[in-house]
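Peer 1: A predicted structure for the sequence below; I have some questions about it.
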Amino acid sequence: MTEKLISIDKTELEAKVAEMSKDGFRLVQICCTLAEAFEITYSFDKEYDLVNCRVSIPKSDPVVPSITNTYLCAFTYENELQDLFGLKVTDMQLNFNGTFYQMAVKTPFNTGASQKTEQKAQ
């Protein structure tokens with residue numbers, strides 16, 4: 001049993017995810033935190049080997065590519081990234097366009113991001 005953390009650039013994300021799928025890894029979860037930047041961690045498992053791929057996304061450009069072309073089940077996590085953090089996920093296969101959750105506060109984990117993301121999407 002091993003655990004590994006790999007930091008990658010968002011331009012490498014789709015290729016790394018395709019590699020993980022080809023090597024037989026399953027997607028375990030996608031987690032986001034917000035401090036100086038968005039940190040998105042994609043976790044993959046194969047036979048108790050856990051690989052975490054971390055992508056840092058600047059607040060000034062809150063856009064990340066979708067991985068739903070490889071792992072369709074990622075649509076739930078990616079819609080959460082949009083609804084809860086105000087990130088823009090591009091080329092998502094099942095995009096609820098900000099209506100995955102019905103909440104009183106738009107992007108509750110990043111109250112300043114919703115307006116910026118909406119302006120970029122237009």
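Peer 2: Noted; the coordinates are in hand.
Peer 1: Next up, the contacts around residue 108.
Peer 2: residue 84 (CB atoms under 8 Å, 6 or more residues apart in numbering). All C-beta atoms are positioned from the backbone trio N, CA, C, and that covers glycine.
Peer 1: how close does it sit to residue 93?
Peer 2: 25 Å (CB to CB, to the nearest Å).
Peer 1: Would you mind listing where the protein has pLDDT under the threshold?
Peer 2: Residue ranges of the chain with pLDDT under 70: 104, 111-122.
Peer 1: my guess is residue 38 contacts residue 30, does it?
Peer 2: No. Using CB atoms under 8 Å, residue 38 is not in contact with residue 30, being 11.7 Å away.
Peer 1: Same drill for those two, tell me which one is more crowded.
Peer 2: residue 38 (24 against 20; other CB atoms under 10 Å).
Peer 1: After the helix or strand harbouring the more buried one, which helix or strand is next?
Peer 2: Per DSSP states H and E: residue 38 is located in strand 37-46. Scanning forward in sequence from strand 37-46 by DSSP H and E, the next helix or strand is strand 49-58.
Peer 1: contacts for that following strand?
Peer 2: So strand 49-58 is contacted by 1-10, 13, 16-17, 20, 25, 28, 37-45, 63-64, 87 (CB under 8 Å, 6+ apart).
Peer 1: now the strands for the protein?
Peer 2: Using DSSP state E, the strands found in the chain span residues 2-8, 26-34, 37-46, 49-58, 63-65, 88-90.
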